[in-house]
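J.: below is the sequence, then the predicted model.
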Amino acid sequence: MDLAGYVINAVPVERKSVKEVCEAHDISRSWLYELIARYRLLGDEGLRPQSKRPQSSPSRVPAAMEEEIVALRKELSGLGLDAGAQTIHYHLERRHRRRRRAVPSVATVWRVLSRRGFIVPQPHKRPRSSWRRFAAELPNECWQADVTHWALADGSEVEILNVIDDHSRLLVASRAFASAKAADVVETFHQGAAELGFPASMLTDNGAIFTAESRHGTCAIELELIALGVDYKHSRPYHPQTCGKVERFHQTLKRWLAKQRRAATSAGLQAQLDRFRAYYNTVRPHRALGRRTPAETFAARTKAKPRRPGLTIASHHRVRRDRIDTGGNVTLRYHSRLLHLGVGRRHAGSRVMLLVNDRDVRVINDDGELLAEFTIDPTKCYQPQKRPGQRA
């Protein structure tokens with residue numbers, strides 16, 4: 001017999017006093033009197049535990065608002081976009097600007113999603129107070145760049161070069177390439193700078209298109225940033241957290257791309273990237289920015305500029321040995337682009353030395369005889385010989 005049944009028998013049946021029973025079992029008089037009243041009204045049914053749920057809940061979210069929350073959750077999730085409680089609350093406020101009091105709080109939106117089964121409980125994570133955030137103070141103070149991979153409809157892989165602004169999370173550029181080269185990084189950088197201005201610094205990892213330190217040289221983007229006076233920084237090897245903002249952006253982009261129809265070509269993928277860039281920069285509220293868009297945050301402050309004047313880069317001197325192929329050509333890599341220099345078929349098979357002085361190239365044989373001279377035109381793949389009297 002449970003306690004309720006025992007005390008009911010002790011008072012009405014055994015005729016013990018309420019005070020005596022309460023002191024003996026350490027229970028309150030109010031609870032015992034309530035229990036006796038329920039027993040007299042309902043009998044044994046009144047001794048069962050009663051629901052504490054209120055008969056009415058005036059502050060409960062209206063059914064129409066709850067359905068709107070659920071519909072927004074499904075819509076955003078279906079598009080591969082962030083569909084958390086804070087994002088849904090942001091969209092509700094924009095929809096109901098004239099009736100903001102009718103918009104439930106973020107906590108209420110979360111409870112609705114949880115009650116409807118859209119949120120799966122997760123193990124406790126590190127408290128927010130333990131996070132250490134590193135963010136640039138001004139727009140254009142630092143750009144982060146990185147490359148990620150994506151598959152087209154036929155399964156072939158392409159590379160996506162993403163560049164974001166560290167302060168505002170603005171997506172400076174997102175471009176698709178069959179295989180990103182160092183020259184593509186320079187071109188993408190200048191496209192972003194033409195729209196937003198030159199940054200004070202740039203941060204990347206140690207990929208081959210971003211640095212030639214492992215090859216004891218200097219790659220195209222390094223030379224370009226030195227010339228422009230832009231500071232260039234690299235993350236610590238095997239430490240992607242240094243470039244955490246652009247690394248995290250890769251996830252956001254891929255989650256959205258996964259909900260789209262697979263592009264058949266790089267051009268089709270680029271159209272999708274352009275569409276997402278417009279949405280990400282101007283429509284999507286960013287949690288790290290207080291639910292503002294990256295474009296709003298970028299426009300809110302003065303832009304940083306390169307801290308030092310551009311430098312004049314000394315001419316690049318290089319000596320390499322090669323053999324002229326059957327077509328009469330030798331190859332030379334210039335600013336990460338492979339060029340073909342036509343020496344002449346009559347010299348096919350000859351071993352030669354290439355003396356490179358920036359854009360000027362001389363080809364001599366083992367006897368020191370000058371076979372050809374070239375002035376590199378970076379826009380052309382095949383380089384014709386320099387004509388007598390021709391200037392660079």
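T.: Good, I have the coordinates. Remember, predicted model here, so these are calculated numbers, not experimental data. Numbering: from 1, shown residues only.
J.: for Trp110, what are its contacts?
T.: Ala85, Ile119 (C-beta atoms under 8 Å, 6 or more residues apart in numbering). Bear in mind the C-beta positions are built from the backbone N, C-alpha and C, glycine included.
J.: pretty sure it sits in a helix.
T.: Yes. Residue state for Trp110 (DSSP: H, G, I helix; E, B strand; the rest coil) corresponds to a helix.
J.: Arg359: neighbouring residues, count only.
T.: 14 (other C-beta atoms under 10 Å).
J.: can you list the buried residues in stretch 99-109?
T.: The neighbour-count check on stretch 99-109 (16 or more other C-beta atoms under 10 Å) flags Val103, Pro104, Val106, Thr108, Val109 as buried.
J.: go on, stretch 358-373?
T.: Val361, Arg362, Val363, Leu371, Ala372, Glu373.
J.: please enumerate the strands of the stretch 101-250 of the chain.
T.: For the stretch 101-250 of the chain, the strands defined by DSSP state E, counting those that start in this stretch cover 143-151, 157-165, 171-177, 201-204, 231-234.
J.: closest to Met65 out of these?
T.: Taking C-beta to C-beta, strand 171-177 is the member of the strands of the stretch 101-250 of the chain nearest to Met65, at 32.7 Å.
J.: at the geometric centre of this protein, which residue do we find?
T.: By C-alpha atoms, centre = their mean, the chain has its centre lying nearest to Phe249, at 0.5 Å.
J.: roughly how far apart are it and Glu222?
T.: Computed with C-beta to C-beta, to the nearest Å, the distance linking Phe249 and Glu222 is 23 Å.
J.: pull the contacting residues for the residue nearest to the centre of the chain.
T.: Asn162, Ile164, Arg169, Leu171.
J.: quick check, nearest of those to Leu257?
T.: Asn162 (12.0 Å).
J.: just the pLDDT for that closest one.
T.: In the predicted model, Asn162 carries a pLDDT score of 96.
J.: wait, it touches Ala173, no?
T.: Yes. Between Asn162 and Ala173 a contact is recorded at 7.2 Å, counting by C-beta atoms under 8 Å.
J.: what's the burial count for the residue nearest to Arg345 when sequence neighbours are not counted?
T.: Ranked by C-beta to C-beta, 6 or more residues apart in numbering and with sequence neighbours excluded, the top spatial neighbour of Arg345 is Gly328, at 3.7 Å. By the measure other C-beta under 10 Å, the count of residues near Gly328 is 18.
J.: Gly328 contacts Gly349, correct?
T.: No. The criterion here is C-beta under 8 Å, and Gly328 misses it with Gly349 at 9.8 Å.
J.: how about the helices of the stretch 201-350 of the chain, start to end?
T.: Here the stretch 201-350 of the chain has its helices, by DSSP state H, counting those that start in this stretch, at 220-228, 244-257, 266-282, 294-299.
J.: closest one to Gly192 among these?
T.: helix 266-282 (11.1 Å).
J.: tell me the buried residues in that closest one?
T.: Buried, per 16+ other C-beta under 10 Å, within helix 266-282: Ser266, Gly268, Leu269, Gln270, Gln272, Leu273, Phe276, Arg277, Tyr280, Asn281.
J.: quick one: which of the contacts of Phe249 is nearest Lys233?
T.: Lowest distance from Lys233 to those (C-beta to C-beta) belongs to Ile164, with 14.9 Å.
J.: for the closest one, which residues are in contact?
T.: Ile164 neighbours (C-beta under 8 Å, 6+ apart): Trp143, Gln144, Ala145, Leu170, Leu171, Val172, Lys245, Val246, Phe249.
J.: what are the bridge partners for the nearest residue to Gln270 once chain neighbours are set aside, then?
T.: Excluding the flanking residues, the one nearest Gln270 by C-beta to C-beta, 6+ apart is Ala176, at 4.8 Å. Judged by DSSP bridges, the bridge partners of Ala176 are Ile160.
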